[in-house]
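Student: please find the sequence and the predicted model below.
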Amino acid sequence: MVTIFADRMENTRKSFIREILKVTQQPEIISFAGGLPNSALFPAEELAAAAAKVMSEDAANVLQYSTTEGYLPLREFIARRYLEKNGLEISPSEILITNGSQQSLDLIAKVFLNKGDNVVIEIPGYLGAIQSFSIFEPEFLEVPLLDDGIDIDILDKTLSESDAKLFYTVPTFQNPSGITYSQEKRVGAARILEKHRVVCVEDNAYGELRFAGEDVPTIRNYLENTILMGSFSKIIAPGLRLGWICANSPIMEKLLIAKQAADLHSNYLSQRIICQYLMDNDIDEHILKIKDAYGSRRDYMVDMMARYFPEGISYTKPEGGMFVWVTLPEGVSSMDLFDLAIKENVAFVPGSPFYTTEGAGDNTLRLNFSNSDPDEIEEGIRRLAVCMKKLTS
Ligand code: PMP
């Protein structure tokens, strides 16, 4: 069929999650489907005060065009935090403020990927990255995640047999699986990537949200050739749409060109509001509140799963982030489970969209725990368990 649309749109799927969310937004549905931070925890008053302050004190500037790199004091804050929290020495000039880390993915893909280039991804993997990269028509090479991170042997083999340019990873509290790479896996992955001279794209959207276990260094701590991505979405508020990319200067030069072409610069008012908020408030105190709330919800969800789920269903117990990953017995389809569950007014995201191979991951699913209250969690998990029993018995 003749089409007026560009070839690149042919292979880019509509986000299945967005489609599901349309169904699940009805008020009677208990939804574990979204990936939303809990809005009760947004620092609304403090952000309102910050917004009022920058507008009353500096409206002529905050409403004006600004620099492509982003507001320097904000980049300085991020750089200081990397030093304090991660022991990373990153110069503000190596940081680009983006319109959320989703834009970071687009810019990185734009700068690196020609049609047909190989990109190594985790399976299951973050759907938004797969979609973002797909626009540039790469070949995805999948490497499975194990309980403690990427399968190092398969990563090595995959990189030996290809000329991949990028390895995209969410090594901490991954979306969708909740899995976190152990320190050994981080070191191991860094070594393999170094050996094959492959750039690591480390998406650390959830890294600050650890409510159990010990902190682990970033992959960037072990591999200089890493592009590190961060976001304010999960620690402040996603609606302000601010994230960032850290990259060395040859890469940053290209990213800046791509950023300029895309939108000149990120929303400057948002940058100023967030920066003012960070100056006037203790972000660690705020993050602690989020971690407490999410940690207790995770505990509750996992307890309810242990109580209600039938035999043969396994699930991750993430030490942070927002998601639990469930594996049904082989041959049991989470799409079928979704059809049953939605009739019971419970929603989740079936796992197959998180795989790039058609049909893979059909017995897996993602549950979000950050955005439901405990009574909803119990009732939702109980109903889900009834549906599971129907399918597995
Ligand atoms: N990366 C990962 C792993 C995510 O889960 C998300 C949001 N769901 C994003 C990036 C995009 O986040 P944002 O654009 O709000 O920073």
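Tutor: Yep, it's here.
Student: and Leu155, how far from Thr327?
Tutor: 21 Å (Cβ to Cβ, to the nearest Å). C-betas here are computed from N, CA, C, even on glycine.
Student: so between these two, which is more surrounded?
Tutor: Leu155 (26 against 18; other Cβ atoms under 10 Å).
Student: wait, that one touches Lys185, no?
Tutor: No. Checked against Cβ atoms under 8 Å, the pair Leu155 and Lys185 is beyond contact range at 9.7 Å.
Student: in the helix or strand in which Arg383 is found, which residues are buried?
Tutor: Under the criterion of DSSP states H and E, Arg383 resides in helix 374-392. Residues of helix 374-392 classed as buried by neighbour count (16 or more other Cβ atoms under 10 Å): 377-385, 387-388, 391-392.
Student: out of the helices and strands in this protein, which is least certain?
Tutor: helix 16-24 (a mean of 72; mean pLDDT, DSSP states H and E).
Student: by contact count, what packs against that one?
Tutor: Where contact means 3 or more Cβ pairs under 8 Å, 6 or more residues apart in numbering; DSSP states H and E, helix 16-24 is packed against strand 346-347, strand 349-350.
Student: can you do 10 Å?
Tutor: strand 30-31, helix 127-134, helix 334-343, strand 346-347, strand 349-350 (3 or more Cβ pairs under 10 Å, 6 or more residues apart in numbering; DSSP states H and E).
Student: can you add mean neighbour count and give those back as TSV?
Tutor: Formatted as TSV, the helices and strands packed on helix 16-24 follow (neighbours: other Cβ atoms under 10 Å):
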stretch	mean neighbour count
strand 30-31	23
helix 127-134	22
helix 334-343	18
strand 346-347	25
strand 349-350	26
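Student: for the ones you listed, which one sits closest to Ala190?
Tutor: Ranking the helices and strands packed on helix 16-24 by proximity to Ala190 (Cβ to Cβ) places helix 127-134 first, at 19.6 Å.
Student: chain center to the closest one: distance?
Tutor: 11 Å (Cα atoms, centre = their mean, to the nearest Å).
Student: could you check the angle it makes with helix 16-24?
Tutor: Helix 127-134 runs at 130 degrees relative to helix 16-24, counting by axes from the mean of the first three to the mean of the last three Cα atoms, to 10 degrees.
Student: tell me what helix 127-134 is packed against?
Tutor: Using 3+ Cβ pairs under 10 Å, 6+ apart: helix 127-134 touches helix 16-24, helix 101-112, strand 118-123, strand 139-146, strand 166-169, strand 199-203.
Student: any idea how far apart the tips of stretch 336-353 sit?
Tutor: 14 Å (Cα to Cα, to the nearest Å).
Student: flag every buried residue along the longest helix anywhere in the chain.
Tutor: Determined from DSSP state H, the single longest helix within the chain is helix 283-308. Buried residues in helix 283-308, defined by neighbour count with 16+ other Cβ under 10 Å: 283, 286-287, 290-291, 294-295, 297-298, 300-302, 304-305, 308.
Student: using CSV, list the CA coordinates for the least confident helix or strand of the chain.
Tutor: Extracted in CSV, the C-alpha atoms of helix 16-24 (Å, rounded to 0.1, in the frame of the first residue of the first chain):
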residue,chain,number,x,y,z
PHE,A,16,0.6,-0.8,24.3
ILE,A,17,0.7,0.5,27.8
ARG,A,18,-0.9,3.8,26.7
GLU,A,19,-3.7,1.8,25.1
ILE,A,20,-4.2,-0.2,28.3
LEU,A,21,-4.2,2.9,30.4
LYS,A,22,-7.1,4.3,28.4
VAL,A,23,-9.2,1.3,29.6
THR,A,24,-7.9,1.3,33.1
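Student: tell me, how many residues neighbour whichever residue of the chain sits closest to the ligand?
Tutor: Here the chain gets closest to the ligand at one residue, Gly100, 2.7 Å apart by Cβ to the nearest ligand atom. Gly100: 23 surrounding residues under other Cβ under 10 Å.
Student: what's the offset of stretch 154-166 from the middle of its chain?
Tutor: Distance, centroid of stretch 154-166 to centroid of chain: 23 Å (Cα atoms, centre = their mean).
Student: now do the buried residues in it.
Tutor: So for stretch 154-166, counting by 16+ other Cβ under 10 Å, buried means 155-156, 158-159, 162, 164-166.
Student: name the surrounding residues that touch it.
Tutor: For stretch 154-166, contacts defined as Cβ atoms under 10 Å, 6 or more residues apart in numbering pick out 108-109, 112-114, 117-122, 133, 138-144, 146, 149, 151, 167, 169, 185, 188-189, 191-193, 195-201, 227.
Student: restricted to buried residues, select those in PyMOL.
Tutor: One line in PyMOL is enough to select the buried ones among those; burial here means 16+ other Cβ under 10 Å:
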select buried, resi 108+109+112+113+117+118+119+120+121+122+133+138+140+141+142+143+149+151+167+169+185+188+189+192+193+196+198+199+200+201+227
